[in-house]
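> fold the following for me, if possible:
(chains A and B)
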Protein chains: 2
Amino acid sequence: MEKIRPRTLSGFMELLPGPQMRMERMMQILRSSFSLYGFAPIDTPIIESAEILLAKGGGETEKQIYRFQKGDSDLALRFDHTVPLAKYVALHENELSFPFRRYAIGKVYRGERAQRGRFREFYQADIDIIGDGKLSIINEAEIPSIIYRVFSQFGLKRFCISVNNRKILNGFYALLGLTEQSGDIMRTVDKLDKIGPEKVRTILVDDLGLSPENADEILKFIAIRGTNSEVIAALEGYRGKNEVFDLGLDELIAVCKYLADFGVPEENFAVDLTIARGLDYYTGTVYETRMLDHPEIGAICAGGRYDNLAEYYSSRSLPGVGVAIGLTRLFYVLEEQGMLNPELPTAPADCLILPMSEDLGPAISLATYLRSRGIRTQLYAEQKKFKAKIQYADKLRIPYVIFLGEDEIAGNTCTLKKLATSEQLSLSREDAATTILDGTAYSGTVIIEK
Amino acid sequence: MEKIRPRTLSGFMELLPGPQMRMERMMQILRSSFSLYGFAPIDTPIIESAEILLAKGGGETEKQIYRFQKGDSDLALRFDHTVPLAKYVALHENELSFPFRRYAIGKVYRGERAQRGRFREFYQADIDIIGDGKLSIINEAEIPSIIYRVFSQFGLKRFCISVNNRKILNGFYALLGLTEQSGDIMRTVDKLDKIGPEKVRTILVDDLGLSPENADEILKFIAIRGTNSEVIAALEGYRGKNEVFDLGLDELIAVCKYLADFGVPEENFAVDLTIARGLDYYTGTVYETRMLDHPEIGAICAGGRYDNLAEYYSSRSLPGVGVAIGLTRLFYVLEEQGMLNPELPTAPADCLILPMSEDLGPAISLATYLRSRGIRTQLYAEQKKFKAKIQYADKLRIPYVIFLGEDEIAGNTCTLKKLATSEQLSLSREDAATTILDGTAYSGTVIIEK
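Numbers count the residues shown, from 1 in each chain, chains lettered A, B, ... in the order given. Next comes the predicted model:
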């Protein structure tokens, strides 16, 4: 028969079992962390009506979206979790309780240009808190504190959550009489990291038509640096001139205080007046998280506060705050950087039983017992040479092998071998289980920093 | 602004938070059970090249598949986990260790006619064991023993795993000189449950051209009933006439013995000569699992042994055995039948903290402490009436509320209220945590049978 060459599409991540185990561990940390903060898992379809997904429309989204006809239906694949969340909340607004906390960990699709490290199918992990009409400022501090917890659990230490507030920026631009241009200005300032202040000034003056004085004021403003209290002290110098600015400053001060209350160390969060997030719908606090030793990677997590989650589907006021982690890209980058912990156990089993008797009944009974003790167990009954069997365990990094022959069965024991040390013991099944449980307890993290 | 009516496509399951929690619990049971048996999670893309997915081609698959162009690429959404597994194993055959045990829990897509209880996007949960050239018969017993464990963990008791062997059927048809028609005969016999023996006989004689004697022999054969040992004893009467039949009978006897060794009670598995599974690629043991009190639901899980997983992509012989659970449909049916346990906790949190002080710092500190003890905690700082706050907890079925006012903060205590009993206690935070942990320990199952 003619064979079809097996292949996986470019831009689609497909992992071997070892790396997949590391990815699963990261997802497990996300799920358990989000749960601890009272978020409910919500699973929306990957396919939606194109009309729903493109309600906002425009820009990159329309170009990148996977869209197709099936029968009479104009369908598309979700490109983020925010639009499906907006639809979900609008559809079920009378059945949900607010503030509504949900998390979503799932695949989203963007037909980006194929390029190393860019994915067309990738996991995003989102958390959002949606209020009904109002939402307490404390949520704007709790969200980054969860991000802090998650990255710490992953094993990352050298990261910084940058915090800013769009009201401060909008108020400041209003002060300069630049309210109408504020969107364009923020998008320009957002590029500061990439293009530098000179080029930002040129765009502000030449392209956006700002006066040189105003451009200089802006550059001076976004150049404010220092510890969080130094930055806030500098911002206090602008207080009393614009209501929106003052409100934003109050919010920023509250978020910084609560972030500290949530136990986030000062070295892991910083007020940064240059971040604005490109998206128009953020209205208050905004965040970006970066790895300190890998600025080239850009934001590994971003989000903020918005006023109207579901404005395209509902007239109800649904303000919220949320953040998204680009999980597939993060995983890819960590692997590239050699930051995935090679010591993390990735074996599919803790123990491999090699039956050495004709009747497999006693081996089956032992496997059932070990599993009842929570030990991940494989039975290996294939007709192979002894060496091949041990190589199987070795290659999969299964730490323990149990031999069960007629002698062991007669004596109600088993022979337990620890592959790392070649140590071999004759034990009761109870003691073998205890030994394996002790020997496989592991508290390492997915990520190690060098 | 003109609003777009929010909606979810027909045939796509989207759950409210409560039911979603029950679904998550089922998935968690699947993951942990599969892991205990040494299966590695593998996550293949949802989108593949259409050429890959349709390598086998033909029939319902081609009609139902979601297929579309993106740029120059002819793409399709996976319609099961078996074809992506075949591609995966063929692609990575030199990097995998055999027997390769993998599980997959993920969405698959079939554009079926929209109909109540039929889904176009649905979860399948698959396990497979793939051998390299050979695969021990014990795996054919271990697979249904895992199914037994999973359904038992769900809380189902009244179910039966039907077991048969295609070699027995093929051998028997060969005995009658009907080897060439055996595929057609099996597909006909497979309908016995739905159309009855009379109609089966009519199809065998009129449509397939069998002699009335042969048709009667077949009906007599598939009418063999009784306990597993009675059925096997009846089959022994045919032994010695056909090698394939004898081999199949030996395999069936081994599978039944090992199933008992794995601890599967006789009432949960039965040799059933009428099941054959429609798919051509099964070559040995086949399974179907049904709910005894709901035969109308059909098979909730099915699978079997096959000789060549990846014949379209690789010339390597890769025999395997596997089974798939139609998770979305199972969940839907359980809900329809009122079999989902309403007592199963579905709250997103174990505890809701209501801060009663100006400064939220102490409430944040308490939340952080409770989370460190593994208690899923929400902070509720919205400006609402007291009654609305309690209703929020009630509606979400959050079992505990903690009030934290100035008095409590000064006295280093908190007021813990159990909503179910309205019992209210003043406790240290350590004692509050212990009380919550004790009060939320729960050992009920997802499914309850009436």
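
> show me the beta-bridge partners of the closest residue to chain B within the stretch 51-200 of chain A.
Nearest residue of the stretch 51-200 of chain A to chain B: A:F68, at 3.3 Å (Cβ to the nearest Cβ). For glycine as for every other residue, the C-beta is placed from the backbone atoms N, C-alpha and C. Under DSSP bridges, the beta-bridge partners of A:F68 are A:L75.

> got the contact list for it?
Residues counted as contacts of A:F68 (Cβ atoms under 8 Å, 6 or more residues apart in numbering or on different chains) are A:L75, A:A76, B:Y66, B:F68, B:Q69, B:K70.

> take these and lay them out in a markdown table including pLDDT and distance to A:G177.
Output for the contacts of A:F68, formatted as a markdown table (pLDDT from 0 to 100; distance: Cβ to Cβ, whole Å):
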| residue | pLDDT | distance to A:G177 |
| --- | --- | --- |
| A:L75 | 97 | 46 |
| A:A76 | 97 | 41 |
| B:Y66 | 96 | 53 |
| B:F68 | 96 | 50 |
| B:Q69 | 94 | 50 |
| B:K70 | 92 | 46 |
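
> with just CA atoms, put the helix or strand bottoming out on mean pLDDT in chain A into CSV.
In chain A, the helix or strand scored least confidently by mean pLDDT, DSSP states H and E is helix A:59-64, which has a mean of 81. Extracted C-alpha coordinates of helix A:59-64, given in CSV (Å, rounded to 0.1, in the frame of the first residue of the first chain):
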residue,chain,number,x,y,z
GLY,A,59,-7.6,44.6,12.1
GLU,A,60,-5.4,41.6,12.6
THR,A,61,-8.2,39.5,13.9
GLU,A,62,-10.1,39.4,10.7
LYS,A,63,-7.0,38.6,8.7
GLN,A,64,-5.8,35.8,11.0
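
> in that helix, what's buried?
A:T61 (16 or more other Cβ atoms under 10 Å in any protein chain shown).

> same check, this time on stretch A:44-58
Across stretch A:44-58, burial judged by 16+ other Cβ under 10 Å covers A:T44, A:P45, A:I46, A:I47, A:E48, A:S49, A:A50, A:I52, A:L53, A:L54, A:A55, A:K56.

> for those, give me JSON lines that also has distance to chain B and secondary structure.
As requested, these are exported to JSON lines (distance: Cβ to the nearest Cβ, whole Å; DSSP: H, G, I helix; E, B strand; the rest coil):
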{"residue": "A:T44", "distance to chain B": "6", "secondary structure": "coil"}
{"residue": "A:P45", "distance to chain B": "4", "secondary structure": "coil"}
{"residue": "A:I46", "distance to chain B": "6", "secondary structure": "coil"}
{"residue": "A:I47", "distance to chain B": "6", "secondary structure": "strand"}
{"residue": "A:E48", "distance to chain B": "7", "secondary structure": "strand"}
{"residue": "A:S49", "distance to chain B": "6", "secondary structure": "strand"}
{"residue": "A:A50", "distance to chain B": "11", "secondary structure": "helix"}
{"residue": "A:I52", "distance to chain B": "6", "secondary structure": "helix"}
{"residue": "A:L53", "distance to chain B": "10", "secondary structure": "helix"}
{"residue": "A:L54", "distance to chain B": "9", "secondary structure": "coil"}
{"residue": "A:A55", "distance to chain B": "5", "secondary structure": "coil"}
{"residue": "A:K56", "distance to chain B": "10", "secondary structure": "coil"}
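
> hang on, the earlier thing: which of the contacts of A:F68 count as buried?
Among the contacts of A:F68, the ones that count as buried (16+ other Cβ under 10 Å) are A:L75, A:A76, B:Y66, B:F68, B:K70.

> can you tell me how far A:C414 sits from A:T445?
In this view, A:C414 and A:T445 are 33 Å apart by Cβ to Cβ, to the nearest Å.

> who has more neighbours out of the two?
Neighbour count, other Cβ atoms under 10 Å in any protein chain shown: between A:C414 and A:T445, A:C414 has more, with 24 against 18.

> my guess is the more buried one contacts A:I402. True?
Yes - the criterion here is Cβ atoms under 8 Å, and A:C414 meets it with A:I402 at 5.0 Å.

> got any residues that touch both of those two?
Counting by Cβ under 8 Å, 6+ apart, the residues touching both A:C414 and A:I402 are A:L366, A:A432.
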